[in-house]
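1. sequence-free structure coming up:
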């Protein structure tokens, strides 16, 4: 809803409804984006933590790779946990950026017609290859209409 408020300049409730409708109309794309971004973000967080832990262990033993087995375990563990927390904060910012760009792409896709006013060609091809089928649209519509 906050993303829609920023994009459209409407009230929170109207933006929440618009965001829900937009994401519902593009639920397969949302699913694909969620799976890919979740994997990417988990690997990103782990990469940040592991590399930071390795570099700190290397610094603690005086720069000798052969002496890594003598690095203080407790210190390295604390550093890795803190690095994971900081990496998570940074990756959450990227997550919001990706969600915002995704909503902008969906809005452009819907309002731009066949012209896709601002969507890059590679993103347009990805979106076109993940269009829902008629049966999937009808099944989702039935779920939404059911009390």
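-> Structure's in. What do you need? Being a predicted model, the structure only gives us computed values, none of them experimental.
2. tell me the pLDDT at the residue nearest to the spatial centre of the chain?
-> Centroid check for the chain by Cα atoms, centre = their mean gives residue 95 as the closest residue, at 3.7 Å. We have a pLDDT of 91 for residue 95.
3. any idea how far it is from residue 51?
-> Noted for residue 95: a distance of 20 Å to residue 51, by Cβ to Cβ, to the nearest Å. (Each C-beta comes from the backbone N, C-alpha and C, glycine too.)
4. Residue 37 is in contact with the residue nearest to the centre of the chain, correct?
-> Yes. Residue 95 lies in contact with residue 37 (Cβ atoms under 8 Å); the separation is 6.6 Å.
5. still on that earlier bit, next up, the contacts around the residue nearest to the centre of the chain.
-> 37, 41 (Cβ atoms under 8 Å, 6 or more residues apart in numbering).
6. one more time with 10 Å
-> Neighbouring residues of residue 95 by Cβ atoms under 10 Å, 6 or more residues apart in numbering: 37-38, 40-41, 44, 88.
7. swap in residue 5?
-> Shown in contact with residue 5 (Cβ under 10 Å, 6+ apart): 11-16, 18-19.
8. could you give the mean pLDDT of the host helix or strand of it?
-> Here residue 5, judged by DSSP states H and E, is contained in helix 2-8. Here helix 2-8 scores 82 as its mean pLDDT.
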